[in-house]
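Novice: Quick one: sequence and predicted model below, then my questions.
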Amino acid sequence: MLQQTGFIATLRRNADRMAFMSPRDIPLFLRSARTDAAIARVRAIDDDQAAFDAAYNGHNGDPWASNDGRYRYQSRKYDTLVSLLPSGRRFAQGLDLGSGLGLLGRRLATRADAVLGLDISQRAVEHARTLNADMPSLRFDQGDIRDIPVALDGCFDLVAIADTIYYLPQPLADSTLKALAMRVSRLLKPGGVCLLANHFFFFADPDSRITRRIHRAFAWSPGFTVLSEHRRPFYLVSILEAA
Ligand SMILES: C[S@@+](CC[C@H](N)C(=O)[O-])C[C@H]1O[C@@H](n2cnc3c(N)ncnc32)[C@H](O)[C@@H]1O
């Protein structure tokens, strides 16, 4: 009987997880693939900021349809990411690296007194400021995760990086990922938390392989201890604590 109850609980848990994606969300993934291809085309002839600015100039300023009410996948994902933070813990200063439209930042602001979003795209920053004008505790600035000002070191007790690192120029060497992990750890106060999330489809596809290497580099970093890891359809999450 006990075994049967466990089996039913597992079935329910899996059904809940699968509910994070429905067939209605499939166009969202196709749109993302088209946006990524367009970014790659601009990058071949211009710099990274121009490529991401061009993406945010189209599609009504929402290149990955993250804020499109027709799709529920992204908003459920943001809610899940925030729910995976250590429970009951409140943060003072949060930082969202690669903040996009600030949709994750909005949710983080429910757990933090203030959140700063940095994004390489000035257009993204402008859209995020407009979209989140109702949340005074959220700020957005233009910034590159490869060149984060040293003045920000030790200023945060929460840093989030969702679906950003795999956009760094390829090939992404493990040494680059490890250096970035160290850099991010220095932004945190001791005991501060890093929320790392990246698209993960299945083991063999090239994008998922990069995701695994990113998460491995952060887990390797002497600046971090892994608190928990979570696999969801279709992303991987690591919650890390700064040493
Ligand atoms: C797929 S979007 C994710 C946005 C947001 N994190 C979210 O989950 O909604 C990737 C974001 O990373 C930003 N980005 C790409 N390369 C970056 C870099 N080197 N530094 C900072 N932001 C970057 C892009 O402009 C874009 O807004």
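Specialist: Thanks, I have the structure now.
Novice: how about the residues of the chain that lie near the ligand?
Specialist: By CB under 6 Å from any ligand atom, the residues of the chain that approach the ligand are 52, 64, 66, 98-100, 103-104, 119-121, 124, 144-146, 162-164, 167-168. All C-beta spots, glycine's among them, are computed from the backbone N, C-alpha and C.
Novice: Filter those down to the buried ones and hand me the ChimeraX line.
Specialist: To isolate the buried ones among these in ChimeraX, judged by 16 or more other CB atoms under 10 Å, type:
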select :52,64,66,98,99,100,103,104,119,120,121,124,145,162,163,164,167,168
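Novice: so where's this structure uncertain?
Specialist: 1-21 (pLDDT under 70).
Novice: Could I get the full set of strands for it?
Specialist: Here the chain has its strands, by DSSP state E, at 91-97, 112-119, 138-142, 156-162, 188-200, 224-232, 234-242.
Novice: measure the spatially most central residue of the chain to N132 for me?
Specialist: Nearest to the geometric centre of the chain sits A162, at 0.7 Å (CA atoms, centre = their mean). As judged by CB to CB, to the nearest Å, A162 and N132 stand 16 Å apart.
Novice: Can you name the residues that contact the residue lying closest to D144 once chain neighbours are set aside?
Specialist: Take D144 and drop its neighbours on the chain: the residue closest to it by CB to CB, 6 or more residues apart in numbering is I120, 5.0 Å away. I120 makes contacts with 48-49, 52, 98, 142-145, as judged by CB atoms under 8 Å, 6 or more residues apart in numbering.
Novice: if I pick the closest residue to the ligand within the chain, what's in contact with it?
Specialist: Nearest residue of the chain to the ligand: G100, at 2.7 Å (CB to the nearest ligand atom). G100 makes contact with 64, 66, 117, 119, 124, 128 under the criterion CB under 8 Å, 6+ apart.
Novice: let's go with 7 Å and repeat that
Specialist: 66, 119, 124, 128 (CB atoms under 7 Å, 6 or more residues apart in numbering).
Novice: what's around the closest residue to the first one other than its chain neighbours, how many residues?
Specialist: Think S66. Nearest residue to S66, sequence neighbours excluded (CB to CB, 6+ apart): Q74, at 4.5 Å. By the criterion of other CB atoms under 10 Å, Q74 has 20 neighbours.
Novice: how close does Q74 get to R129?
Specialist: Q74 sits 20 Å away from R129, going by CB to CB.
Novice: Identify the bridge partners of the residue lying closest to the residue nearest to the centre of the chain once chain neighbours are set aside.
Specialist: Spatially, and ignoring its direct neighbours in sequence, A162 is nearest to A197 (4.3 Å; CB to CB, 6+ apart). Judged by DSSP bridges, the bridge partners of A197 are A162, V237.
Novice: Tell me if I'm right that A197 and T164 touch.
Specialist: No - applying CB atoms under 7 Å, one finds A197 not in contact with T164, separated by 9.4 Å.
Novice: Quickly list what's touching both of the two.
Specialist: The contact sets of A197 and T164 do not overlap (CB under 7 Å, 6+ apart).
Novice: My read is that F218 contacts A181, right?
Specialist: Yes - when contacts are counted by CB under 7 Å, F218 is listed as touching A181 (4.4 Å).
Novice: hey, what's in contact with both of these two?
Specialist: Counting by CB under 7 Å, 6+ apart, the contacts common to F218 and A181 are F224.
Novice: Spit out the contact partners of the nearest residue to V115 once chain neighbours are set aside.
Specialist: Spatial nearest neighbour of V115, chain neighbours left out: G94 (4.0 Å); criterion: CB to CB, 6+ apart. With contacts defined as CB under 7 Å, 6+ apart, G94 is in contact with 108, 112, 114-115, 156, 158, 160.
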